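>>> sequence and predicted model, in that order:
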Amino acid sequence: MQYGIRAVRVGQLAVALSYLFGEQAAASLRRAPPAFVTQMGENPLIAVGSIFGLDVMAQTMHSINAFEVTYNGQWPSTRRRKKTRSHSPLASLSVFGLVSLAGQKIHSKLGSGRLPSPQELVTKLQALRANEAAAAEAAAAPRVRIAA
């Protein structure tokens, strides 16, 4: 999300620079200015409206900066994989709100108000894996019934 906000801010800067220096830059290159630069020169509200619209986009992206990490319950297997696939334990995580239906929430920026550190994510994942292993052992244990 942060890169999206930065891209919108660069767009704002490009609109402002095009409005202020677009015709001079095109003339120095011995080219005709692009149509949008000419239109902004004729009607400055186009430039102001574009900058304002891009600012609204950036503020909206910043305010809904949701960040959740969920674990989908499928740890990457240890069998051989193609080289294009990731061997990272974080490969089975859904990040940035891409939440699976069976996923367990590991961290939420909306809930905590901050981004997690990598060590915090690893610690939570290890605890989750330990709980899964304990549950699998309990399910695999033989159950004995004594009939009276």
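Nice, I can see it. Residues are numbered from 1 along each chain as shown.
>>> now do the strands in the chain.
68-71, 93-95, 104-108 (DSSP state E).
>>> could you tell me the least trusted of the ones you listed?
Lowest mean pLDDT within the strands of the chain: strand 93-95, at a mean of 44.
>>> I'd say Gly11 and Leu54 touch.
Yes: assessed by Cβ atoms under 8 Å, Gly11 is found in contact with Leu54 at 5.3 Å. Quick note: C-beta positions are derived from backbone N, CA and C, even for glycine.
>>> who has more neighbours, these two?
The neighbour count for Gly11 versus Leu54, taken as other Cβ atoms under 10 Å, is higher for Leu54 (20 against 16).
>>> quick check: that one vs Met40, distance?
Separation of Leu54 from Met40 (Cβ to Cβ, to the nearest Å) stands at 14 Å.
>>> break the chain down into its structural domains.
In the assignment given by automatic domain parsing, the structural domains of the chain cover 2-63, 68-77+84-140.
>>> which of those sits closest to Ala147?
In terms of Cβ to Cβ, the element of those nearest to Ala147 is domain 68-77+84-140, at 22.7 Å.
>>> which helix of the chain spans the most residues?
helix 2-28 (DSSP state H).
>>> now do that one, average pLDDT.
In this model, helix 2-28 has a mean pLDDT of 92.
>>> now do it: distance to the chain's middle.
Centre-to-centre, helix 2-28 and its host chain are 25 Å apart (Cα atoms, centre = their mean, to the nearest Å).
>>> so what does it touch, helix or strand wise?
Applying 3 or more Cβ pairs under 8 Å, 6 or more residues apart in numbering; DSSP states H and E, one finds that helix 2-28 contacts helix 35-42, helix 44-63.
>>> tell me what angle the first one forms with helix 2-28.
Computed with axes from the mean of the first three to the mean of the last three Cα atoms, to 10 degrees, the direction of helix 35-42 lies at 80 degrees from that of helix 2-28.
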